[in-house]
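# sequence and predicted structure are below.
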Amino acid sequence: MIAKLVQTALRGMIEANRAICRIPIARDVMKRAMKSGEAVIPFEPHIPANSDGVCVYINVPFCRSKCTYCYLNTSIYTEERAKPYVEAVKREISLYKAKLGDIELGDVYFRGGTPSILWEGVIDILDHLRSNFKIAGEIGVKVYPGDVNEEMCDALLDAGVSRVNIGVQSFDDELLKGMNKRYDGDTAIKAIELLVDKGFYTTTKLLIGCPGQTVSSVSSDLKKVIETDLQQIYTLPLLILPNTAWGVQLAKGKIEFPPAREVVEMWRTTFDLLLSNGYETRAALYFKNKKALGEREYLTGHGHPFVIGMGVETESTVPPTLTGYANTFSFEEYIKAVNEDRFPVMMGVSILNQRQLENIYRLAGLLLGIDGKDVERRLNVLMDPNLYTDLRIDKEEFEERTGAKTEEVLGNLSFLIPFLLFPLKALRIIEEDSEKIKINTDVINRIVA
């Protein structure tokens, strides 16, 4: 029954994703959304007095080439850009030291981009982090197959790194070329084998639903990765955003993707093959080697709700007050802010009590079309359907009922639901005046017409 539900949801998700990419205005919306994430605002993170166990993840926004499916704000690696970035991250760490004091960190994870492209810089950052904080948890690094060698592995192990995430995507050479990868399938296999042999807890990711991919080629990829005996495998359906190279080609009708029903069959093959070869499913798209069942599965954000993101284009969450904030998307603005001893935050929201938390869920429920009775049941708060009519929220009545200003509650709601509300605001689908928060149906009708 669960498998059937997953298949139905997967097919619907893929079909909707490709339909959105074909909307002519979608790419412009993504550009405007990315642009809106560049400015730095005055924002001091609200951090609890006792923050022991906080997890940290650090973004390294450099790659050797831009993958055709990648939507992230990465740039091609050059030493001229990398060196000042490493120093800037170290300065941001020092800003947090002044804010947090002598606390003990939990897990630390370096994501990208491609952290392994400057692994010596990663170790430099890690040394600076250790000089400011005690690290009680594990340390993980995302690595690129073409970067993996004996020297890098030994250096990372000596630096205390115990986990690696190697984003292989596929072992099919033609498919890798189509993704604009700089390695082949054989290189990827050898990289995984070396990482496993060195003793790293190793995770990899395989994409399904790529151009030219078939059920047979997915099966071949799975058999190869199973032979490496690594600990974790993610098999993710390819979702395309309009601002990617593949998204542009899809919008112009210059590339074909496997039908959604075939992608569902790829997932079924994945599910059956991994479960019959020593892996357990931990979620619909995530599988763990039974030999590693005694080991922890996750880093950052699992087991401790306080997560700090450092570097460009990162997000942080601080419980129990549901403070959330995100760093600027702009490389230049990030460097400038930290060099001026300012947190490089481009938006944030602080909800300091349970009442405000309930308020934001109510407003999100109204904006996102959640049934009023469902909101009442979940929050035990009266929601009169007269509060909203014709896709509008009456601000005066909302404020009278909740005791909170709509602008206070709405705040930067886009931080909480960025992939949804950034485009909605950029498209003017959501508008606000002194009396109403309105969902603009005229714009919606023009888009879907």
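Here it is on my side, so go on. Just so it is clear, the structure is predicted and the values come from calculations on it, not from any experiment.
# which residues are in contact with stretch 69-87?
The contact list for stretch 69-87, computed with Cβ atoms under 8 Å, 6 or more residues apart in numbering, reads 30, 34, 60-66, 112-114, 117-118, 121, 124-125, 179, 207, 210, 238, 240-241, 243-247, 311-313, 329, 331, 335. The C-beta positions use only the backbone N, C-alpha and C, and glycine is treated the same way.
# so which of those residues are in strands?
Secondary structure assignment by DSSP state E places 60, 62-63, 112, 207 of these in strands.
# picking that back up, filter the contacts of stretch 69-87 down to just the buried residues.
Among these, those classed as buried by neighbour count (16 or more other Cβ atoms under 10 Å) are 30, 34, 60-64, 112-114, 117-118, 121, 124-125, 179, 207, 210, 238, 240-241, 243-247, 311-313, 329, 331, 335.
# the helix or strand containing residue 204: what's the following helix or strand?
Assigned by DSSP states H and E, residue 204 belongs to strand 201-208. Per DSSP H and E, the first helix or strand lying C-terminal to strand 201-208 is helix 215-228.
# in that following helix, which residues are buried?
Along helix 215-228, these residues count as buried under the neighbour rule (16+ other Cβ under 10 Å): 215, 217-218, 221-222, 224-226, 228.
# do the same with stretch 260-280
Buried positions in stretch 260-280, judged by neighbour count with 16+ other Cβ under 10 Å: 260, 262-267, 269-271, 273-274, 279.
# kindly reformat those as CSV containing pLDDT, secondary structure and distance to residue 201.
Below are the buried residues of stretch 260-280 laid out as CSV (pLDDT from 0 to 100; DSSP: H, G, I helix; E, B strand; the rest coil; distance: Cβ to Cβ, whole Å):
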residue, pLDDT, secondary structure, distance to residue 201
260, 89, helix, 34
262, 93, helix, 33
263, 91, helix, 29
264, 89, helix, 30
265, 92, helix, 31
266, 93, helix, 26
267, 90, helix, 25
269, 93, helix, 26
270, 93, helix, 21
271, 89, helix, 23
273, 95, helix, 22
274, 94, helix, 18
279, 93, strand, 15
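# farthest pair in those residues?
Maximum pairwise distance among the buried residues of stretch 260-280 (Cβ to Cβ): 24.8 Å, between 260 and 279.
# could you list the residues in contact with stretch 230-240?
Contacts for stretch 230-240 (Cβ under 8 Å, 6+ apart): 10, 13-14, 17-18, 21, 69, 192, 195-196, 201-210, 222, 225, 246-247, 250, 257, 263, 267, 270, 274, 279, 285-289, 291-292, 295, 297.
# how does it look with 6 Å?
If you take Cβ atoms under 6 Å, 6 or more residues apart in numbering as the criterion, stretch 230-240 is touched by 10, 14, 17, 21, 192, 196, 201-210, 246-247, 263, 270, 285-289, 292.
# what is the strand holding residue 204 packed up against?
Using 3 or more Cβ pairs under 6 Å, 6 or more residues apart in numbering; DSSP states H and E as the contact definition, the elements that strand 201-208 packs against are strand 163-169, strand 232-237.
# lowest average pLDDT across those?
Of all the helices and strands packed on strand 201-208, the segment with the smallest mean pLDDT is strand 232-237, scoring a mean of 90.
# in its sheet, which strands sit next to it, and in what direction?
Strands flanking strand 232-237 in the sheet, each with its direction: strand 201-208 (parallel), strand 286-289 (antiparallel) (DSSP bridges).
# a markdown table for these, including mean pLDDT and distance to residue 99?
Shown next, in a markdown table, are the strands paired with strand 232-237 (pLDDT from 0 to 100; distance: least, Cβ to Cβ, whole Å):
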| stretch | mean pLDDT | distance to residue 99 |
| --- | --- | --- |
| strand 201-208 | 95 | 31 |
| strand 286-289 | 88 | 34 |
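# ranking those strands by burial, who's on top?
strand 201-208 (a mean of 23; mean count of other Cβ atoms under 10 Å).
# give me the angle between it and strand 163-169.
With axes from the mean of the first three to the mean of the last three Cα atoms, to 10 degrees defining the directions, strand 201-208 sits at 20 degrees from strand 163-169.
# can I get stretch 183-201 as PDB, trimmed to CA atoms?
Taking Å, rounded to 0.1, in the frame of the first residue of the first chain, the C-alpha atoms of stretch 183-201 are listed here in PDB:
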ATOM      1  CA  TYR A 183      34.600  12.000 -14.500                       C
ATOM      2  CA  ASP A 184      33.500   8.700 -15.900                       C
ATOM      3  CA  GLY A 185      31.800   5.700 -14.300                       C
ATOM      4  CA  ASP A 186      35.000   3.800 -13.700                       C
ATOM      5  CA  THR A 187      36.500   6.800 -11.800                       C
ATOM      6  CA  ALA A 188      33.300   7.000  -9.600                       C
ATOM      7  CA  ILE A 189      33.500   3.300  -8.700                       C
ATOM      8  CA  LYS A 190      37.100   3.500  -7.800                       C
ATOM      9  CA  ALA A 191      36.500   6.600  -5.700                       C
ATOM     10  CA  ILE A 192      33.700   4.900  -3.700                       C
ATOM     11  CA  GLU A 193      35.900   1.800  -3.200                       C
ATOM     12  CA  LEU A 194      38.800   3.900  -1.900                       C
ATOM     13  CA  LEU A 195      36.500   5.800   0.500                       C
ATOM     14  CA  VAL A 196      34.900   2.600   1.900                       C
ATOM     15  CA  ASP A 197      38.400   0.900   2.100                       C
ATOM     16  CA  LYS A 198      39.700   3.900   4.100                       C
ATOM     17  CA  GLY A 199      36.900   3.500   6.600                       C
ATOM     18  CA  PHE A 200      34.700   6.500   5.900                       C
ATOM     19  CA  TYR A 201      31.000   6.100   6.500                       C
END
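# for that stretch, which positions count as buried?
When burial is assessed from 16+ other Cβ under 10 Å, stretch 183-201 yields the following buried residues: 183-185, 187-189, 191-196, 198, 200-201.
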